[in-house]
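S.K.: A predicted structure for the sequence below; I have some questions about it.
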Amino acid sequence: MMKTIFITGASSGIGRETTKYFANHGWRVIATMRNPQKAGELADLPDVVIMPLDLMNPEQIRETSQKVLAEYDVDVLFNNAGYGMMGPFEKLPESEIRKLFDTDVIGTMLVTQQFIPHFKARKGGVILTTTSLAGIIALPRDGAYGAAKRAQQGMVESLYYELKPFGVKMAAMIPGGTNTNFQTPINILDGYEEPAARQREYLLDGNAAFPGPEEAAVAVWTAVNDGKDQINYPTDSVCQKLYGQYQSMNVEDFKTYFYDRIFGGVAQ
Ligand SMILES: NC(=O)c1ccc[n+]([C@@H]2O[C@H](COP(=O)([O-])OP(=O)(O)OC[C@H]3O[C@@H](n4cnc5c(N)ncnc54)[C@H](OP(=O)(O)O)[C@@H]3O)[C@@H](O)[C@H]2O)c1
């Protein structure tokens with residue numbers, strides 16, 4: 001029987017690429033997006049169903065999820081939609097912090113809540129969430145976005161225990177820098193120009209550019225199909241290396257290494 005994946009943020013970047021990848025591999029894709037007009041060529045792919053879903057709209061989250069669950073036996077939920085914010089912490093406006101958390105954290109949680117009873121009842125399935133390397137490694141100017149991504153990561157790791165008894169896999173897709181339309185409507189440098197440039201160098205790891213979303217789509221496919229009891233999936237080889245380096249170090253040693261790397265010799 002044809003398998004079904006439900007994706008949020010399918011209009012662009014990792015979500016869009018994953019929609020194409022799964023559709024091209026014989027899956028039905030429920031490609032949700034806050035603005036369905038952005039579907040474009042996705043609407044012409046076989047067995048791709050475009051549905052509206054804005055993470056800021058709890059009523060629409062319920063409606064779209066319930067409509068889909070009534071019609072399809074969903075195998076995979078891919079929580080992918082999100083955006084970012086960067087800046088010295090004290091400069092981040094309260095209203096923007098709330099909006100970011102409403103979207104990336106609460107919105108993702110509400111979607112997940114809609115699908116849990118379905119996966120528990122069918123005793124199987126996969127719930128993936130695109131978190132971030134910033135949800136694992138703290139970066140300067142990332143006090144709100146990094147916190148939101150850690151919150152998602154915390155949800156994933158907690159639900160691992162709740163859902164494993166029901167045969168449901170919980171996993172985090174972890175991109176590092178990825179060349180997409182990733183939005184950071186608030187991006188304040190304000191004295192952090194040099195550390196920000198060094199941070200970018202760290203994330204590039206000697207490459208001229210960030211990888212596109214293609215590797216991330218393959219990583220999603222792997223996480224869904226490898227049958228492994230594994231939570232964290234860095235989505236490309238650069239991120240895998242940085243994630244591996246972080247894991248191999250004591251957290252206190254890492255912070256000293258990283259501080260030196262980002263701020264060494266920079267006057268404050
Ligand atoms: N790119 C990176 O460097 C990077 C690194 C680490 C983690 N990530 C994470 O990767 C995920 C995918 O981002 P991307 O890199 O593929 O960027 P992208 O190209 O901007 O795609 C983000 C998607 O999220 C959607 N979105 C934003 N706000 C939404 C809302 N309120 N409701 C529903 N959808 C919403 C966007 O919709 P619109 O098209 O309508 O804007 C778009 O479909 C995000 O969770 C992001 O935090 C990205």
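M.R.: Right, received. Where do you want to start?
S.K.: how near is the spatially most central residue of the chain to the ligand?
M.R.: Taking Cα atoms, centre = their mean as the criterion, Thr130 is the residue nearest the geometric centre of the chain, at 1.7 Å. Using Cβ to the nearest ligand atom, to the nearest Å, we find Thr130 at a distance of 4 Å from the ligand. Every C-beta, even on glycine, is put in place using the N, C-alpha and C of the backbone.
S.K.: So what pairs up with that residue in the strands?
M.R.: On the basis of DSSP bridges, Thr130 is bridged to Met173.
S.K.: which residues sit in contact with whichever residue of the stretch 51-200 of the chain sits closest to the ligand?
M.R.: Closest contact between the stretch 51-200 of the chain and the ligand, by Cβ to the nearest ligand atom, is at Gly82 (2.7 Å). Residues in contact with Gly82 (Cβ atoms under 8 Å, 6 or more residues apart in numbering) are Gly9, Leu55, Thr103, Asp104, Thr108, Thr130, Ala148.
S.K.: Please list the members of these that lie in helices.
M.R.: Among those, the residues falling in helices (DSSP state H) are Thr108, Ala148.
S.K.: and the stretch 1-150 of the chain, which residues reach the ligand?
M.R.: 8-9, 11-15, 33-35, 38, 53-56, 80-84, 103, 130, 132 (Cβ under 6 Å from any ligand atom).
S.K.: Which residue is the nearest non-sequential neighbour of Thr103?
M.R.: Leaving aside its chain neighbours, Thr103 sits nearest to Leu55 (4.7 Å; criterion: Cβ to Cβ, 6 or more residues apart in numbering).
S.K.: Could you look up the SS state of Asp73?
M.R.: With DSSP: H, G, I helix; E, B strand; the rest coil as the basis, Asp73 sits in coil.
S.K.: Right, I'll call it a day here.
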